[in-house]
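Visitor: Build me a model from this:
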Amino acid sequence: MVVVEAVAGSYAGLWGKPARTSTFEVDEYAVEVLKWDARTNTEGVALYATLGASAWPLPGCPLALRREFFVGLSRPCDKIAGSLAALSLYSAREGVSLDHGHTVPSDGPLWPGSPMSSFLVVRPKSGFLPPLKLPQGFRVEFLQAIPIYESERSYKKTYGVDALIECWVEARTALYDPDRPPNPVCLARSGLGEKTFLGV
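Guide: Reported below is the predicted structural model:
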């Protein structure tokens with residue numbers, strides 16, 4: 001599809017050839033997850049980005065609006081690709097359009113051994129990965145997926161995404177760090193106690 005090819009070209013123009021490509025197929029849907037090493041981007045993180053989610057219209061949105069997803073990690077964690085692929089197919093499979101502030105739980109850890117089991121979808125840092133405007137009015141938006149703890153998901157559900165982000169900012173949370181602990185304020189107010197620390 002022309003839109004997907006344009007997204008691939010945009011990625012290549014920004015970060016060059018990916019270091020790794022994984023393909024995932026679910027029912028009639030297929031998506032790739034591409035990986036770039038930390039040296040390729042201004043954030044200095046391993047980047048994983050979907051390619052193929054933009055092939056399908058978004059439920060309840062204009063036909064020309066499409067989305068892809070990415071996650072950045074301070075150390076490579078290739079096993080996250082499957083969870084990111086599932087996230088990118090969520091709208092097409094479930095009929096729900098994902099946007100800023102939405103959380104999507106996984107069936108288990110986002111990667112083997114991780115105590116985090118959900119993604120928070122947010123708009124990326126200004127200028128990092130701007131929307132791609134194409135002929136015929138197509139527009140592809142890129143949303144960042146942040147791995148989060150159950151306590152953080154619970155906090156966001158109660159207080160809202162802005163409050164969660166404010167907690168992270170105040171605590172100087174290293175959101176790119178796959179080994180980070182849960183935010184202590186979210187942990188205290190979620191009612192989950194130290195179970196989140198133990199991954200239970």
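Visitor: quick one: buried residues of stretch 56-72?
Guide: Going by neighbour count (16 or more other Cβ atoms under 10 Å), the buried part of stretch 56-72 is 56, 58, 65, 66, 67, 68, 69, 70, 71, 72. C-beta: built from backbone N, CA, C; applies to glycine.
Visitor: tell me the contacts of residue 99?
Guide: 121, 143 (Cβ atoms under 8 Å, 6 or more residues apart in numbering).
Visitor: if we can go back for a sec, distance to residue 113 and secondary structure added to the buried residues of stretch 56-72, as a markdown table?
Guide: As requested, the buried residues of stretch 56-72 are exported to a markdown table (distance: Cβ to Cβ, whole Å; DSSP: H, G, I helix; E, B strand; the rest coil):
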| residue | distance to residue 113 | secondary structure |
| --- | --- | --- |
| 56 | 32 | coil |
| 58 | 33 | coil |
| 65 | 36 | strand |
| 66 | 33 | strand |
| 67 | 29 | strand |
| 68 | 27 | strand |
| 69 | 22 | strand |
| 70 | 22 | strand |
| 71 | 17 | strand |
| 72 | 19 | strand |
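Visitor: Closest one of these to residue 109?
Guide: Comparing those against residue 109 with Cβ to Cβ places residue 71 closest, at 14.4 Å.
Visitor: Let me see the contact set for the nearest residue to that closest one once chain neighbours are set aside.
Guide: Excluding the flanking residues, the one nearest residue 71 by Cβ to Cβ, 6 or more residues apart in numbering is residue 145, at 4.6 Å. Contact analysis of residue 145 by Cβ under 8 Å, 6+ apart lists 69, 70, 71, 84, 87, 119, 120, 121.
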